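Need coordinates for the below:
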Amino acid sequence: MKKFTLLACALMSCTLANAQRTPTHPLDIKDAEYSQLSYYFDQWSPGTQPQGVSQMDDEFYISRVKPRKRISELNYQASPDADPNRKMCIWVPLDDPTSKWKALPRYCFEGDNFSLWSYIDIHGNWTAPWMRVTAGLSDVAHKNGVKVGCVMSIPWAATVLFRGWNMGDHAKVLAKFAEKNRDGSFKNSLKLVKLMKYYGIDGLGVNSEFYSTTEVMNTLIEFFADCHKKAKEIGWEFQLYWYDLTNESGSMRPDGGLGSHNERMFGAKDHEVTDMMFANYNWRDYTLSLSEQTAERLGRSSYDYYAGFDIQGRALRNSNWSSLKNHKISIGFWGAHSQSLIHQSATDNGTSDIAIQKAYLLKQELMFSGGNRNPAAHPGINTSSTLANASLKTFHGLATFLTAKSTINELPFVTRFNLGNGLSFRNEGKVTFNHKWYNLNTQDFMPTWRWWITNKEDVVNEFTVNELVKADLIFEDAYFGGSCLSLHGKTEFSRVKLFKTLLSVDGEDKISLTYKVMNGTESKAKIFVSLKDNVTGYKEIALPAAQKEGEWTTFETTLSKLGIDSEAQIAMIGLVVEGTSENYDLHVGELAVRDSKKVHAPAQPMIKEKQIIRGQYNTVDFKLRYASKEESGDMKTYNEDVDTWYYEILYQQEGQDEMLLTTTASWAAYVVDAPIVKGDNRKVRFGVRAVAADGKTKSATSWTAYEEIPYNSPKTDVVIDKAVVKPGETFTLKFEDYLISPAKQWQLRNSATGEFVYSASNATSITTSLEDIGTYDLVLTDSEGKTHITCGKVQITPETTGAVPQITDIKADKATVETGKDVTYSATVKEGQGRVSRGLVITDPNMFKMPAELQKGNSYTYALWVKADKFAHDKQGTNLISKNTIKDGWPHNNWGDLWVQIRPQWKEHMANEVSFNTMGWEAHDEPNSSVMTKDHPMTPGVWYHIAVTHNESGLHEIFVNGMKVGSGTQPSSKRRETRNDDRIKSSEPADIFIGGGGVYKSGLNGCVDEIQIWNRPLTEAEVQRAMKGYKESEVPDGLQGYFTFETMNADGTFPNLGKGGADKTGSLVQLVGSGGENTSTASYEPQHSDNDVLGYPGIEGTLEVTPTYTWTLEGANTPTVKGETAVVTYSNAGKVGATLTLSNRWGEATLTKAELVDVTASTGINGVENGVAFEAFPNPFVESVNLRFAEGGTYTLNVLNANGMLVQRNLLTTAAGEVTNVSVTGAKGLYILQIVKDGKTYKTIKLVKK
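Okay, here's the model as predicted:
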């Protein structure tokens, strides 16, 4: 069998998006159009859907988690001086960069999984339009006692009137809602709050930056007051969130606080209008005092007035933090328009999904608990913090102002520390669906405090906090879902206070913990609880040793074992860790308190509808709708009404095992990429079952019937069988999709000239060869007539740079050999040796930095070879080349003099096309389409040459693999130093970067080579020459910056071989201390560089491509291997063969030749070999035979049957002339005795057992 296994082939065949902030799969859940709200509101009743929205899709907007009340009886808190009455609103989006996905389930890992609900009271949900809040957010918010809203985002300075020909959508909605009956009562207030209750919407937010009339404002004020009253009548709580700019007269007055101009908009006691009035950002001590006085005069709580923070424009910098602490005013964060700035700015450690998620967790904990991640040991007030994690480590934390709240007030209480997303989905510690995922409504109760940890004296301060165990939520492991709790590190004693509770229990109720000890088996931990009447009287029980290192163990006991023998109320639950070392790591997968007397009976959900969205060759995407209770009229069923916590979504391919794909609290599920095993049977079924609140009891499963999955979504990904191809060498291109119809046409096009050099029709694969060195594009026309282009898919490179190794044959020097005799194998190979250019690995967040001085003025060319490992585009793509400085203000620090980006799909442009823009281009979300690599996209794993040029007239040109593919100008194209803008620090140099992330832009993950910076625009012919590189002695004039990575300086920098100066070295760096849009305090830190990697294979360099031989010779005795030959002997008879694997940096080849040699037993009976005298007697024998050697020593005795099979082996140590008796087990008959000494066969005789 002949097999080629090639390095990088997997990368060449796919478009990975492991860090995608927006899913690569389509959004298959349709939402309502906000512009139609004023029309479909009239037709709405419970159980009907907005126009154009199916009943299936509407379920993703119906909250099935009943809002929980927070515990009010307990007053203990981590920060003693925090105000328990102060509230917090985060008026931010919970969304992706496109503002489309909200909290809908999806199949990527990265997403906003906000988890510090215990410190907030309202989530304003900035990008959700009125009446459409995704259940993913409302479910988890309601679980934690948090109100969730939606926003009417009225444009700045718009006019809102209820009559007129030019009413906008917002005015139409407000006019519709505020319609009156003939008697003057409001027609729609009751209907509106019924709609909100049905969907689970708590509040309506208004971005009130508009003008209106007193008449309109009076109507709105009375309408919102009536909504409050009508909501109370139906058992709902209506809230209004109002930006304090538009006042009750219809004019705009910022920064006035709460006073006579807006007191009616705020509302008086028993006539509430606004529940969260959000102050503009320039409040001060006087504003807060005035607001307190006005609220008191109105009989309202001043905590309903919120001091606003613009975390987009100002981060956490505010000189009035201390003033706020002295006033009874709440806190509100705004920022920004697509994503929460808290989430968006979590690129401290790069833009990969796991880097963002870890930084986001840390950012939340620093922001809320303070710089020590412990709300009981926070730093002092800090008025100058940015959103960078490095800056937040000195931030006082919102816990200085706020107390943590909890809704854990009833049994059962179960948490698995699942954040609502994961790298895979796990159940009971096992991966059930190996796919990244996000579904926020699966988020568990998270620890109330992150992290309130104290020492043995039950205290902590800024000096002792580092002596305590460390706590983290991690994604590397999970018992359920995608995450778990990790307690790790050295401590003498740490009390980890996890949950504030008010659980009524008795001694028969059970507490359990599922945990995993990562190093050893000793848990070194205890569970503790404390009771309401004595929260510091801890009741503890030790966790037993785990059954096995690294495996989940569950410990369960009754509360009586903790000293609770009668009815009591548990007020706190946590863990004690004691006497641990640095390598200690305890994973906690589940914590539960269950009522031992409670019998759960979750209702079986019945499947109402299924939709197969896409059937691909190896996966299926689907949606499922089900109901645990029939609903009619105004009925709204919560999960707790049917004894359900969540639903398991099951899947089974006929003949395969049942799979748990995901869970959800919704009455509909959405799954992408459920696997289909290759074969003739594509029949599958879908199932659902309910899980009760105890997390154990499950309903019966409802299944659909098995049905054939249609194949309706072909994948046109093409793989090549060689990483590099040499002139005249055959190669094969084929579809990965084994069900796809033959393509109408396969074409290979010379990248530089555009000439087509090969064509084939009606095929699923092609095999050919090309003679000329260069890069070739694959132009594929699929069976539907759609064209797919892969630039540089085939690269014909010089023999001198090495090749994929080949093995054409393996031979043996003899067909038959006796045991103990030498046989030599030899292989016919092509080693593929050579010397190739070195590349530089760039892995986000690292970037390659070059001095600004290498490129001045408006006449230039930037060029390089780049190979991306994967794409992880943010909203505006991935940074490739940029020239900017972090010292500039927003947004120039994010853009600078120029930016070259790899873009997501946009309008008629394919995904991964490259754009080129310069300062003066203001439409950042929309690049200059004339200077894009249209129809010439990048492909992961494929080397791609890009060059951009600019001349003094402002002409931009862009080249791919030597061909000009775009040309155009901008309305304005300037340099930083010529632009009169006080946000630009013109005295600061704008350095040049390859890779590195930014706001809305991901960083590059891949390899680069041959970076060139010219002081003039190159022509097409010059670009084609530049692609081939230059010898150091032949660097042309005008090439100012030239980095080949063939050598590295002692300090880790790379020499500049260009004319711009040897002192202008380049270095791999990482931006640290950056927080969102403010980079003024950030800096660059040098990083380790790796240039021991393959660069572009078309250029000869210093990296040696050498072969490695690996022989596999089963049954052979210590072979002597020298490259393509192997000399061996065999002890046992039989047919044998050889396997050789030959590898080098370009790949490997494996060839197996079976049964090449027939090994036979030696037939020599008498005599002495090598001077060793020997005798065996009696022969024939009955049970045993006597052996005598003339020479003493240690011998191996191999007894073979007549067929040459080994039946017995003995190790014998004997003295010269000594007789040793050896029993021979087995049946009567002929045996062969083989005697081996020092690895060589000295004697073989026949023995007969009678």
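
what's the burial count for residue 215?
Neighbours of residue 215 under the rule other C-beta atoms under 10 Å: 11. All C-beta atoms are positioned from the backbone trio N, CA, C, and that covers glycine.

any idea of the mean pLDDT in the lengthiest helix in the chain?
Scanning the chain for the longest helix, with DSSP state H as the assignment, gives helix 214-233. Across helix 214-233, the average pLDDT comes to 98.

Show me where the stretch 1001-1150 of the chain dips below the pLDDT cut-off.
1075-1076 (pLDDT under 70).

Helices of that one, start to end?
Ranges of helices within the stretch 1001-1150 of the chain are 1020-1026, based on DSSP state H, counting those that start in this stretch.

would you list every one of the strands in it?
With DSSP state E, counting those that start in this stretch as the definition, the stretch 1001-1150 of the chain shows strands at residue ranges 1005-1014, 1039-1043, 1067-1072, 1083-1086, 1093-1094, 1103-1105, 1108-1112, 1116-1122, 1125-1130, 1134-1144, 1147-1160.

what comes up buried for the next helix or strand after the longest one?
This points to strand 1147-1160. Heading C-terminal from strand 1147-1160, the first helix or strand you meet, by DSSP states H and E, is strand 1174-1177. Across strand 1174-1177, burial judged by 16 or more other C-beta atoms under 10 Å covers 1174, 1176.

ok, then the element right after strand 1174-1177?
strand 1184-1189.

Packing partners of whatever helix or strand comes next after that following strand?
Heading C-terminal from strand 1184-1189, the first helix or strand you meet, by DSSP H and E, is strand 1193-1201. Packing partners of strand 1193-1201 (3 or more C-beta pairs under 8 Å, 6 or more residues apart in numbering; DSSP states H and E): strand 1206-1214, strand 1229-1237.

Distance to residue 1108 and mean neighbour count added to the ones you listed, as a markdown table?
A markdown table is the format used below for those (distance: least, C-beta to C-beta, whole Å; neighbours: other C-beta atoms under 10 Å):
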| stretch | distance to residue 1108 | mean neighbour count |
| --- | --- | --- |
| strand 1206-1214 | 33 | 13 |
| strand 1229-1237 | 32 | 19 |
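
I'd like those as a markdown table, with distance to residue 1013 and mean pLDDT appended.
Below are these laid out as a markdown table (distance: least, C-beta to C-beta, whole Å; pLDDT from 0 to 100):
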| stretch | distance to residue 1013 | mean pLDDT |
| --- | --- | --- |
| strand 1206-1214 | 70 | 86 |
| strand 1229-1237 | 69 | 87 |
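
so who does the closest residue to residue 436 other than its chain neighbours touch?
In space, and not counting its chain neighbours, residue 436 is closest to residue 109: 4.0 Å by C-beta to C-beta, 6 or more residues apart in numbering. Residue 109 is in contact with 18, 353-354, 357, 421-423, 436-438, 475, 482, counting by C-beta atoms under 8 Å, 6 or more residues apart in numbering.

among these, which are in helices?
Taking DSSP H as the definition of helices, those contribute 353-354, 357.

thinking again about what came up before, what's in contact with the longest helix of the chain?
Helix 214-233 is contacted by residues 160-162, 174, 177-178, 185-186, 189-190, 192-193, 196-197, 237-238, 240, 246-250, 264-265, 267, 271-274 when judged by C-beta under 8 Å, 6+ apart.

And the buried ones among these, selectable in PyMOL?
What follows is the PyMOL syntax selecting those of these that are buried according to 16+ other C-beta under 10 Å:
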select buried, resi 160+161+162+174+177+178+186+189+190+192+193+196+197+238+240+246+247+248+249+250+264+265+267+271+272+273+274
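
Among the contacts of helix 214-233, which are located in helices?
With helices taken from DSSP H, the overlap with the contacts of helix 214-233 comprises 174, 177, 189-190, 192-193, 196-197, 264-265.

Mind telling me the two of the residues you listed farthest from one another?
Spatial extent of the ones in helices among the contacts of helix 214-233 (C-beta to C-beta) is set by the pair 197 and 264 at 26.4 Å.

for residue 289, helix, strand, or coil?
At residue 289 the chain is in helix, as set by DSSP: H, G, I helix; E, B strand; the rest coil.

Make 36 the starting number, not 1.
Got it, the first residue is 36 from now on, which makes the last one we talked about residue 324.

tally of neighbours for the spatially closest residue to it that is not a sequence neighbour?
Distances taken as C-beta to C-beta, 6+ apart put residue 362 closest to residue 324, at 6.8 Å, once the chain neighbours are dropped. Counted with other C-beta under 10 Å, residues neighbouring residue 362 total 21.

follow-up on the earlier one: which one among the ones in helices among the contacts of residue 144 gets closest to residue 929?
Proximity of those to residue 929 (C-beta to C-beta) peaks at residue 388, which lies at 21.1 Å.

Tell me the pLDDT of that closest one.
pLDDT, residue 388: 92.

what's the neighbour count on it?
23.

do you know how far it is from residue 632?
44 Å (C-beta to C-beta, to the nearest Å).
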